[in-house]
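Chemist: here is my input; please provide its structure:
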Amino acid sequence: MPVPDIYRLYKKIFDSFEAPVSRFDCGRMCAPHNDGEPVCCSTRYAVPVVEKEEYRLLRSRTDMWRRYKPDDAVGRQIVDELPTTCLAVECRGARHCERDNRSLACRAFPFFPYLTREGEFIGLGYYWTFEDLCWVISNLQVVDKAFVDEFVGAYELLMREDKSEYDNFLSHSAYMRRVFSRWSRFIPLIDRNGGFLKVLPHGGRVVPCAPEALPRHAPYRGKKTRPEALDAAE
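Modeler: From the prediction side, this is the model:
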């Protein structure tokens, strides 16, 4: 199989994946619970990981990004466990964000492509370690169809051109099934058309999920998504 030109691949992905996750500024919803910072924009909570060629592309476009320098044991472990093709990076923070120059990890957060046991890309799973930190995870119904469409297109391209990325998400999806089965919880997914699915524990059977059945997590549990609250967050 030919080796992909990762630099040009990420340039194509960046050009086609620009939609925000929703029409609301979700950072304003999570920041009050995360010491005033959006969880996705601070390495205190989430450390972006990029391919080295993706980093080269970002550095050719902006000085917003730099190599991440861990200052605790958790950060050092993240860096130490990275494959040789990847880097941990950090930006200047939410107040200085250049949206056209976000990494793929930033554009997609908190989601990753969920693959079934058979390897079919059926929708958007989320990184469950952020359940109690990321407001969007407790309000999946606010995710825009445009974001879903561009996410699907970007990751189809990425996984088609870079087999290692396909293998990574196949493995991560299997790991998510094991974790949620151990918890006896279903996995909520946004399907490729913007609807909702759930992956049942202990077998991985996929069935439709009603929006009202989507789970919420602390500190957002029990709080309804009121349009006036969302509009105030814009």
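
Chemist: what lies in contact with the longest helix seen in the chain?
Modeler: Criterion DSSP state H: the longest helix present in the chain is helix 163-182. Outside helix 163-182, the residues that touch it by C-beta atoms under 8 Å, 6 or more residues apart in numbering are 1, 85, 112-117, 119, 125, 128, 155, 158-160, 186-187, 199, 201-202, 204. Where C-beta positions appear, they are placed from N, C-alpha and C, glycine not excepted.

Chemist: cool, stretch 36-56 as well?
Modeler: Residues contacting stretch 36-56 (C-beta under 8 Å, 6+ apart): 6-7, 10, 26-28, 30-31, 34-35, 58, 65, 68, 75, 78, 82, 85-91, 93-94, 97, 103-106, 109-110, 130, 133-134.

Chemist: then stretch 115-127?
Modeler: 109-114, 134, 137, 143, 148, 151-152, 155-156, 159, 166, 169-170, 173-174, 176-177, 187-192, 197, 204, 206.

Chemist: filter those to the buried ones?
Modeler: 109-114, 134, 137, 143, 148, 151-152, 155, 159, 166, 169-170, 173, 176-177, 187-192, 197, 204, 206 (16 or more other C-beta atoms under 10 Å).

Chemist: mind listing which of the contacts of stretch 36-56 are in helices?
Modeler: 6-7, 10, 27-28, 30, 58, 75, 78, 104-106.

Chemist: about what we covered before: is it possible to mark the buried ones in the contacts of stretch 36-56?
Modeler: 6, 10, 26-27, 30-31, 34, 58, 65, 68, 75, 78, 87-91, 97, 103-106, 109-110, 130, 133-134.

Chemist: picking up where we left off before, please flag which of the contacts of helix 163-182 sit within strands.
Modeler: The strands, defined by DSSP state E, take in 112-115, 125, 187, 199 from the contacts of helix 163-182.

Chemist: looking at the residues you listed, which one is closest to residue 221?
Modeler: Using C-beta to C-beta, the shortest approach to residue 221 within the ones in strands among the contacts of helix 163-182 belongs to residue 187, at 17.8 Å.

Chemist: tell me how far residue 143 lies from residue 137.
Modeler: 10 Å (C-beta to C-beta, to the nearest Å).

Chemist: can you check residue 209 too?
Modeler: 14 Å.

Chemist: who touches residue 134 in this structure?
Modeler: 26, 30, 39-40, 109-110, 126.

Chemist: and the angle for the longest helix of the chain with strand 111-115?
Modeler: Here helix 163-182 runs at an angle of 90 degrees relative to strand 111-115 (axes from the mean of the first three to the mean of the last three C-alpha atoms, to 10 degrees).
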